[in-house]
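A.B. asks: Using only what follows, build the 3D model:
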Amino acid sequence: MKSFFGRFRYNRLASTFTILATLSAGILVGSFVAHQVRGQESQVNSSDATPLKVPAPRELSTDFSRIAKEVGPAVVNINTEILPKQQQQNRRRGPHYMQPFPQQPQQQQPPDGDDDDQGPQGGGQGGQGGQGGQGGQGGLQDFFNRFFGQGPDMGGGDDGQERESLGSGFIVDPRGYIITNNHVVDKADRIFVRLANDPEGNQGRPAKVVGVDKATDIAVLKIQTDTPLPTVKMGNSEGVQVGDWVVAIGEPFGLAKTVTAGIISSKNRTVEPGTQGEFQHFLQTDAAINPGNSGGPLLDMAGEVIGVNTAIYTQSAGNEGIGFAMPSDSVIDVYNELIGPDHKVIRGSIGISFQPNPNSAVARVYGFKSGVMISAITPGQPAAKAGLKSGDIITTIDGKPVKDGDDLVANVSARKPGSTVELGYLHNGQPLHATVTIADRDKMMAAINSASDEGEDNETHNPGTISPAKLGITVQDLPQGAPAGLHGVLIESVKPGSFADDVGIGNFQGGVIVSVDTPNKRNPIHSVQEFQAVVAGLKSGEDVALEVVDPQHPNNGNNYLGGTLP
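C.D. replies: Predicted coordinates for the structure are as follows:
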């Protein structure tokens, strides 16, 4: 073996030498030929050649440069301070130095401040219709970084250090009204706005918060001015098309007056599950936006603002070609309410949760093509008072068809609390109508969040029983101490590659299957024996839907998962 490897190495070296030698010979031949050609220059008659001229300078690429010149003066830098708690009172101001680059990439906390990893959970709570989603372990939140910008931490001031953040904004009123993101100024003790023509070393003018809307992550600031300020022109985001050119202007990483360009790569993009994303349907762009761009404008080729740069999808805390901007149509509505006398956005609610975008098999099982299937009803709130139940399907609102959850949310949230609405819905396949009084969404959310904290953790397990192989689920009877009124079987495990795995039951291990339903027939489950009997009667090619709840958070609503049996 040794001699073989020795020969192999030698032969490789020999071969390499041969190649190099051949190349060297080629170079020598080429050099000889070039030497022969070089002597012919004086023999060429070039009297018919026309001399080249340096052209007069002229402007090129006028659209991008025009937009930068027109809009740039109205784009501002926003820097904030969060003071140590023990120094927030009677603190004397000293020199302030902005750090132009973050010390290390940050993983941002969820917007509600709760970073506990709870694992997959069911349909999110919603004042007028929560969007179901799954949270926890890994997932989008690990990569969904908001643009707080500078400083190693924005979480508080307990270590005695002053914290600072950097973002962007734009002037919409010459009297000093500015739009930015709520997360740029959230929890800040001091806010400063530096105009485009202010010196680089100038911290800026003190700003006050007029109002904020966490649901859309929009904030309105006000600075004092003796002279009218330059403003942007707001555009109509509804007319934006995928593929349209766009320009982003802001101050990424502290680099003032940075202009980047790209296209709209998608519309109506929801990137956060549950109620976090209920009102956040973004324009997606590949224009380079980075920490510090947050709150800055996204502009069309007319130089009009069609979005507010809000977030990026990234694995490196920097730009990877996927950014999200809140559409201008939504921003305008929010701004108009924030500058009103209440300085807040008031949204309507009927007190339900729903699972967004159920698959076609679920829709066929429950007999509807369009509409919203209710996954949970908040007790004592408008929908419950009107007689609606979990599993009902809302099909119309004031006589007009309801397309999906987004349609319902938009319609109900725009209504004033105290007004009424006529809902058409299906209950066990029967069409019914109900008059529902609209409630205040903020108050509704407070009630829902309070109710969701009442779930108890029950960890006792009984020996599992394997369900029929056609589903691939291991289930068991509910343990003693299960929440009162809860029925069904506990999901122990899901076989990889099985029907249950394909439809997503694997994301709900520890959940409870309360019903196994087929078209026009509901089959409530109370024990393993009932579950096995129902599953044994299922047939290949049949549509089936499983109703699943989280026993620890029963008020989070039900999830409807299903498909067509192979």
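A.B. asks: Run a quick neighbour tally on the residue lying closest to P73 once chain neighbours are set aside.
C.D. replies: Closest residue to P73 in three dimensions, ignoring its sequence neighbours and counting by C-beta to C-beta, 6 or more residues apart in numbering: P230, at 4.2 Å. C-beta here means a position set from N, CA and C on the backbone, and glycine is covered the same way. When counting by other C-beta atoms under 10 Å, one arrives at 16 neighbours for P230.
A.B. asks: P230 - that's part of a helix, no?
C.D. replies: No. Counting by DSSP: H, G, I helix; E, B strand; the rest coil, P230 falls outside a helix, being coil.
A.B. asks: ok, which stretches of the stretch 101-250 of the chain are helices?
C.D. replies: Using DSSP state H, counting those that start in this stretch, the helices assigned to the stretch 101-250 of the chain run over residues 182-185.
A.B. asks: Check the stretch 301-450 of the chain too.
C.D. replies: Going by DSSP H, counting those that start in this stretch, the stretch 301-450 of the chain shows helices at 328-338, 360-365, 382-385, 405-413, 441-452.
A.B. asks: again, but for the stretch 451-566 of the chain
C.D. replies: Under DSSP H, counting those that start in this stretch, the stretch 451-566 of the chain gives helices at 499-503, 528-536.
A.B. asks: Quick check: the residue nearest the centre of the chain vs H281, distance?
C.D. replies: Centrality entry for the chain: nearest residue to the mean C-alpha point is V271, 2.5 Å, by C-alpha atoms, centre = their mean. From V271 across to H281, the span is 9 Å (C-beta to C-beta, to the nearest Å).
A.B. asks: nearest residue to N268 other than its sequence neighbours?
C.D. replies: Distances taken as C-beta to C-beta, 6+ apart put H281 closest to N268, at 4.8 Å, once the chain neighbours are dropped.
A.B. asks: same thing with G497?
C.D. replies: Per C-beta to C-beta, 6+ apart, closest to G497 is G472, 7.8 Å.
A.B. asks: Please name the nearest non-neighbouring residue to K403.
C.D. replies: The shortest distance from K403 to any non-neighbouring residue, by C-beta to C-beta, 6+ apart, is to S370 (5.5 Å).
A.B. asks: What residues does the one you found make contact with?
C.D. replies: Counting by C-beta atoms under 8 Å, 6 or more residues apart in numbering, S370 touches 395, 401-404.
A.B. asks: Go again with 10 Å.
C.D. replies: Going by C-beta atoms under 10 Å, 6 or more residues apart in numbering, S370 touches 363, 393, 395-396, 401-404, 407.
A.B. asks: Look up the pLDDT of it for me, please.
C.D. replies: We have a pLDDT of 85 for S370.
A.B. asks: One more: the one 3 residues further on?
C.D. replies: What the model reports as pLDDT for M373 is 89.
A.B. asks: Could you report the neighbour count for the residue lying closest to D173 once chain neighbours are set aside?
C.D. replies: Sequence neighbours aside, T231 is the residue nearest to D173 in space, at 6.5 Å (criterion: C-beta to C-beta, 6+ apart). Neighbourhood size, T231 [other C-beta under 10 Å]: 17.
A.B. asks: Next: the one 5 residues further on.
C.D. replies: N236 is flanked by 13 other residues according to other C-beta under 10 Å.
A.B. asks: tell me the phi and psi of the nearest residue to G250 once chain neighbours are set aside?
C.D. replies: For G250, ignoring the flanking residues on the chain, the nearest one in space by C-beta to C-beta, 6+ apart is G296 at 3.1 Å. When read as degrees, to the nearest 10, the backbone of G296 gives phi -80, psi 170.
A.B. asks: Can you check the pLDDT for G296?
C.D. replies: On the pLDDT scale, G296 is placed at 93.
A.B. asks: quick one: it and P566, what's the gap?
C.D. replies: Shown here: G296 relative to P566, a distance of 50 Å by C-beta to C-beta.
A.B. asks: Have a look at those two and say which one is more surrounded.
C.D. replies: Shown here are G296 and P566; by other C-beta under 10 Å, G296 has more neighbours (33 against 9).
A.B. asks: Let me see the contact set for the more buried one.
C.D. replies: Counting by C-beta under 10 Å, 6+ apart, G296 touches 75-78, 147, 167-170, 179-181, 184, 248-252, 258, 289, 305, 307-310, 325.
A.B. asks: I'd like the distance between it and S540.
C.D. replies: 55 Å.
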